[in-house]
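Peer 1: coordinates only, sequence not included:
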């Protein structure tokens, strides 16, 4: 699974205090800035492992520290068709 490349689907709407991800079926999901930033990174060019390593480096922690949360976010976004693994 870590070799798969996440590809975002849908669109993002950023307003003053809220960020919404809009799925292709029109359903909207309010997300945190962190989730929105991760979603934006998912352009299909990097594997999950590369994204985990990039985030770990950004926050100066070991990949094992961010991997569980990344996998949780990926799973949640996949369930609502905002992300697919290619």
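Peer 2: In hand now; what should we look at? Note that the coordinates shown come from a computational prediction; the quantities given were computed from them, not determined experimentally. Numbers count the residues shown, from 1 in each chain.

Peer 1: what about the residue of the chain positioned farthest from its centre, which SS state?
Peer 2: Distance from the centre of the chain peaks at residue 16, with 20.9 Å (Cα atoms, centre = their mean). Of the three states, residue 16 takes coil under DSSP: H, G, I helix; E, B strand; the rest coil.

Peer 1: quick one: pLDDT of it?
Peer 2: Residue 16 is assigned a pLDDT of 85 by the prediction.

Peer 1: now do residue 52
Peer 2: pLDDT, residue 52: 96.

Peer 1: what is the residue nearest to residue 78 when sequence neighbours are not counted paired to in the beta sheet?
Peer 2: Spatial nearest neighbour of residue 78, excluding adjacent residues (Cβ to Cβ, 6 or more residues apart in numbering): residue 84 at 6.7 Å. For every residue, glycine as well, the C-beta is placed using N, CA and C. For residue 84, the beta-bridge partners under DSSP bridges are residue 7.

Peer 1: which other helices and strands does the longest helix along the chain contact?
Peer 2: For the chain, the helix that runs over the most residues, judged by DSSP state H, is helix 63-79. Judged by 3 or more Cβ pairs under 8 Å, 6 or more residues apart in numbering; DSSP states H and E, helix 63-79 is in contact with helix 33-41, helix 48-58, strand 83-85.

Peer 1: quick one on the thing from earlier: what distance do you get for the residue farthest from the centre of the chain to residue 77?
Peer 2: 23 Å (Cβ to Cβ, to the nearest Å).

Peer 1: any figure for the gap between the closest residue to residue 18 other than its chain neighbours and residue 12?
Peer 2: Nearest non-adjacent residue to residue 18, counting by Cβ to Cβ, 6+ apart: residue 30, 5.8 Å away. Per Cβ to Cβ, residue 30 is found 11 Å from residue 12.
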